[in-house]
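Novice: Whatever this is, show me its structure:
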Amino acid sequence: MSLSSTTWRLRQGQAGLRMTRVRSFTSAAFTWADLLGGSLGATQVYVMYFPSRFDLPVDAEAEESLRVFGDATSGKTGVAFWDPRDENFGEALALFDLHNPPALVVATGLVSDDGSLTDASDSIYCISFSDQTMLSDRARLAAAVNVAHEVLMRCDRREIARYIRGRKLRALLDLISRGVGSVRDDLVELHPKFGLPGGFSLEIGGAA
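Specialist: Down below sits the predicted model:
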């Protein structure tokens with residue numbers, strides 16, 4: 001479940017991202033978009049990795065690959081790693097409708113092509129991957145990140161969010177096909193989950 005009645009604050013520590021509880025007097029549900037507000041406001045695409053917490057080979061492969069990716073992309077793309085020692089690690093996963101680590105999340109930022117901030121609360125979404133075999137295979141991980149990055153950068157975000165909300169899988173795939181062409185087939189093979197802040201999600205190509 002990705003809805004939370006608790007309010008959280010994101011912190012960047014030496015070992016990665018952490019969440020801390022904050023006092024709140026609002027009854028509004030708290031979502032991952034609320035948590036990542038500052039990070040989304042500084043990027044066009046924001047990538048996060050949740051490690052296994054067992055120091056498995058998949059963690060080393062994924063983190064090394066994502067650091068290379070981060071160094072090779074523009075400043076509009078952010079890459080971050082969650083601290084496995086965060087006492088609220090499970091709650092962080094739940095905000096993204098994820099159940100177990102390791103997992104990779106690629107989310108829309110709020111920076112537009114010209115560098116200005118957009119008021120796009122109705123077009124924020126994320127693409128997540130939780131297949132450990134894929135995450136530990138550098139070539140497949142690279143494909144997943146590159147495909148997700150292209151979709152977030154080139155496809156109509158508002159339309160994608162609308163199709164996720166309406167659970168319109170065919171329309172979503174058609175839109176992706178128009179936006180990035182043959183990349184759509186590559187995406188389906190990677191079994192991603194498209195998610196919105198607040199609990200709506202749509203899996204593609206089988207269980208994510």
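Novice: from here on, contacts and neighbour counts on C-alpha atoms
Specialist: OK.
Novice: How about V79: what's its closest non-neighbour residue?
Specialist: Closest residue in space to V79, ignoring its immediate chain neighbours: V47 at 4.7 Å, by CA to CA, 6 or more residues apart in numbering.
Novice: residue ranges with poor pLDDT in this structure?
Specialist: The model of the chain has pLDDT under 70 over residues 1-5, 23-28, 114-117, 119-120, 206-208.
Novice: Can you show me the strands along it?
Specialist: 7-13, 16-22, 45-50, 77-81, 103-108, 126-129, 193-195, 201-203 (DSSP state E).
Novice: Out of these, which is closest to E87?
Specialist: Closest to E87 of these, according to CA to CA: strand 16-22, at 8.2 Å.
Novice: quick one, that closest one and strand 45-50 angle?
Specialist: Per axes from the mean of the first three to the mean of the last three CA atoms, to 10 degrees, the angle that strand 16-22 makes with strand 45-50 is 90 degrees.
Novice: tell me how far strand 16-22 is from the chain's mean position?
Specialist: Centroid displacement of strand 16-22 relative to its chain, using CA atoms, centre = their mean, to the nearest Å, is 17 Å.
Novice: Would you indicate which residues of it are buried?
Specialist: For strand 16-22, burial by neighbour count (16 or more other CA atoms under 10 Å) applies to 16-19.
Novice: tally of neighbours for Q44?
Specialist: Neighbourhood size, Q44 [other CA atoms under 10 Å]: 24.
Novice: ok, it touching I124?
Specialist: No: using CA atoms under 8 Å, Q44 is not in contact with I124, being 10.8 Å away.
Novice: what is in contact with the two at once?
Specialist: 108-109 (CA atoms under 8 Å, 6 or more residues apart in numbering).
Novice: can the strands of the chain go into a markdown table with extra columns for distance to V183?
Specialist: Listed next are the strands of the chain as a markdown table, based on distance: least, CA to CA, whole Å:
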| stretch | distance to V183 |
| --- | --- |
| strand 7-13 | 33 |
| strand 16-22 | 31 |
| strand 45-50 | 18 |
| strand 77-81 | 20 |
| strand 103-108 | 16 |
| strand 126-129 | 14 |
| strand 193-195 | 16 |
| strand 201-203 | 17 |
